[in-house]
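Participant: here is my input, please return the structure:
(chains A and B)
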Amino acid sequence: EIVMTQSPLSLSVTPGEPASFSCRSSQSLLHTNGYYLLEWYVQKPGQSPELLIYLASNRAPGVPDRFSGSGSGTDFTLKISRVEAEDVGVYYCMQALQKGTFGPGTKVEI
Amino acid sequence: HLVESGGGLVRPGGSLTLSCAASGFSFSAYWMSWVRQAPGKGLQWVADIKQDGSVKFYLESVEGRFTISRDNGKDSLYLHMNSLGVEDTAVYFCARYSSGGSCVGFDLWGQGTMVTVSS
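Facilitator: Predicted coordinates for the structure are as follows:
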């Protein structure tokens, strides 16, 4: 079983400032197709989760370009270049290499 | 859209079947999954099923108790849950997994249905 960890577990941010979240997997998420099967989701208060980033670094359709994903192997990062008030929520990384495992989430507050 | 139903209160050891009605897309073209969220907790993948129902995967703790199934003729996904325990109390989300085209990942989610296991 692949175990996912995230840090920090909570983060207080200032609108207009950047933010960064870390995600680590217990084994490499590199698929034989050459892609890293790592996704980022956000769950805003009272809502269902939404896909932000797929294959570690690709923005999902409609996701603002202030969101970016990077990383390789077992270490991945989600960055928000300039936080907006609407970005409040819990950010989860998820590995899709072996079944599915979510990280514990990073709660973002303004 | 994805609309879940079937949640409710059930006694420990009991059974429940969740349904998810899909609309607005070609249901039979997608892997489908169930993801749950215990009260105040994070997301937990539960199970998924291939487009034609021939391949299924389960979270280890539900294997043998839960069965995922689908009816492509009815554009519906199901989760049959047996031997329920208090640890299964959660909101259960139905989610579509896209694996090509515009993105890869759970790109469509339902609003969730609450399952409470309590005596």
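
Participant: can you read off the pLDDT for the residue of chain A found nearest chain B?
Facilitator: Per Cβ to the nearest Cβ, residue A:100 is where chain A lies closest to chain B, at 3.4 Å. Backbone N, C-alpha and C define where each C-beta goes, glycine included. Residue A:100 is assigned 93 on the pLDDT scale.

Participant: distance from the chain centre to stretch A:54-69, please.
Facilitator: Between the centre of stretch A:54-69 and the centre of its chain there are 10 Å (Cα atoms, centre = their mean, to the nearest Å).

Participant: where do the strands of the chain begin and end?
Facilitator: Going with chain A. A:4-7, A:10-12, A:19-25, A:38-43, A:50-54, A:58-59, A:67-72, A:75-80, A:89-95, A:101-102, A:106-109 (DSSP state E).

Participant: actually chain B
Facilitator: Counting by DSSP E, the strands of chain B are B:2-5, B:8-10, B:16-22, B:31-37, B:43-49, B:56-58, B:66-71, B:76-81, B:90-100, B:103-109, B:113-117.

Participant: so does the first one get close to chain A?
Facilitator: No. Applying Cβ under 8 Å from any Cβ of the partner chain, one finds that strand B:2-5 is not in contact with chain A, the shortest distance being 9.0 Å.

Participant: wait, residue A:93 sits on residue A:40?
Facilitator: Yes. With contact defined as Cβ atoms under 8 Å, residue A:93 counts as touching residue A:40 (5.5 Å).

Participant: what residues are shared contacts of these two?
Facilitator: Overlap of the contact sets of residue A:93 and residue A:40 (by Cβ atoms under 8 Å, 6 or more residues apart in numbering or on different chains) consists of A:23, A:78.

Participant: with neighbour numbers in mind, choose between those two.
Facilitator: residue A:93 (31 against 28; other Cβ atoms under 10 Å in any protein chain shown).

Participant: out of the strands of chain B, nearest to residue A:25?
Facilitator: Residue A:25 lies closest to strand B:43-49 among the strands of chain B, at 14.2 Å (Cβ to Cβ).

Participant: what's the closest one packed up against?
Facilitator: Packing partners of strand B:43-49 (3 or more Cβ pairs under 8 Å, 6 or more residues apart in numbering or on different chains; DSSP states H and E): strand A:89-95, strand A:101-102, strand B:31-37, strand B:56-58, strand B:66-71, strand B:76-81, strand B:90-100.

Participant: tell me which of the strands of chain A sits most buried.
Facilitator: strand A:38-43 (a mean of 26; mean count of other Cβ atoms under 10 Å in any protein chain shown).

Participant: mind listing residues that contact that one?
Facilitator: Here strand A:38-43 has contacts from A:23, A:25, A:29, A:49-56, A:69, A:71, A:76, A:78, A:87, A:89-96, A:102, A:105, B:43, B:104-106, using Cβ under 8 Å, 6+ apart.

Participant: which residues does the most centrally placed residue in chain B bridge with?
Facilitator: The residue lying closest to the centre of chain B (Cα atoms, centre = their mean) is residue B:34, at 2.6 Å. Assessed by DSSP bridges, residue B:34 has beta-bridge partners residue B:47, residue B:94.

Participant: burial of the residue of chain B found nearest chain A, as a residue count?
Facilitator: Closest to chain A within chain B is residue B:45: 3.4 Å, counting by Cβ to the nearest Cβ. Residue B:45 has 21 neighbouring residues, counting by other Cβ under 10 Å.

Participant: next: the one 3 residues further on.
Facilitator: Burial of residue B:48, expressed as a neighbour count using other Cβ under 10 Å, amounts to 23.
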